[in-house]
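Asker: Okay, here's the prediction I keep looking at, along with the sequence it came from:
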Amino acid sequence: MDKKNLTAPCGLDCFNCPTYKDNITKVPLFLKLLFSIMVKVPLKELPCNGCRDEKGNCKFAKDKHCLTWDCAQDKGVTYCYECVDFPCKMLMPTKKGAHYPHNMKMYNLCRMKLIGVDKWTEEAAEIRKHYFEGKFYVGKGPVLKNDNS
C-alpha cells in the first residue's frame, strides 16, 4: 500500500479511512448504513479509491468536488503544508466538523512538516484513534482509556 499516495493534500489519511475501498469490507453493515445516511451517499457508492485516485472528486464534499484539492493542484504542492499560504481558511477547524476527520487535518499537516510524511504515516492510525475515541481534557488533549498519561 502506497500510503503517500493515499494521503490527501489536506492531510487526511485515506489509508485509514473506513470508507477507503480496502477498509470498507471490515466495517459492520449497521455502521455503513448509519454513515451512508449521515453523509447522504448511497451505501453502494460509499467505497472510495482515495483522494488522489479520485482526483479531487469527493462524494462527501458539498458540491462533490474538493476545493482544497483544486487549490493544491493550482499551487503545485503535494501537501498543503508545502504552500506559502499554509495554514489557510480551508483548513480551519470547526466545531460542526468535529464528527468528521476534518479537524485532524491541521495536526496531521503539522506533524508531516515536522517529522516527514513517511514517519507520520506510521503514527496516523494512532492519531485517528485518539481523535475519535479519546476523551478530551483541557490542557491535555485526547486521552484513551488505556493511556497512562
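Answerer: Everything's here; your move.
Asker: mind showing which ranges of the chain have poor pLDDT?
Answerer: 97-99, 148-149 (pLDDT under 70).
Asker: so what's Lys3 up against?
Answerer: Asp13, Phe15, Thr121, Ala124 (Cβ atoms under 8 Å, 6 or more residues apart in numbering). C-beta: built from backbone N, CA, C; applies to glycine.
Asker: burial of the last one, as a residue count?
Answerer: Taking other Cβ atoms under 10 Å as the criterion, the count of residues near Ala124 is 22.
Asker: Break down this structure into its helices, ranges please.
Answerer: 29-39, 51-54, 67-75, 105-115, 117-133 (DSSP state H).
Asker: Flag every buried residue along the longest one.
Answerer: Applying a neighbour-count criterion of 16 or more other Cβ atoms under 10 Å, the buried positions in helix 117-133 are Val117, Trp120, Thr121, Ala124, Ile127, Arg128, His130, Tyr131.
Asker: Show me what that helix is packed up against.
Answerer: helix 105-115, strand 141-143 (3 or more Cβ pairs under 8 Å, 6 or more residues apart in numbering; DSSP states H and E).
Asker: please redo it, this time with the cut-off set to 7 Å
Answerer: helix 105-115 (3 or more Cβ pairs under 7 Å, 6 or more residues apart in numbering; DSSP states H and E).
Asker: could you dump the helix it packs on to PDB, C-alpha only?
Answerer: What follows is helix 105-115 as a C-alpha-only set of coordinates in PDB (Å, rounded to 0.1, in the frame of the first residue of the first chain):
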ATOM      1  CA  LYS A 105      -6.000  18.000   9.100                       C
ATOM      2  CA  MET A 106      -4.000  20.800  10.700                       C
ATOM      3  CA  TYR A 107      -2.500  18.400  13.300                       C
ATOM      4  CA  ASN A 108      -1.600  15.900  10.600                       C
ATOM      5  CA  LEU A 109      -0.100  18.500   8.300                       C
ATOM      6  CA  CYS A 110       2.000  20.000  11.100                       C
ATOM      7  CA  ARG A 111       3.300  16.500  12.100                       C
ATOM      8  CA  MET A 112       4.100  15.800   8.400                       C
ATOM      9  CA  LYS A 113       6.000  19.000   8.200                       C
ATOM     10  CA  LEU A 114       7.800  18.300  11.400                       C
ATOM     11  CA  ILE A 115       8.700  14.600  11.100                       C
END
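Asker: Brilliant, that's me finished.
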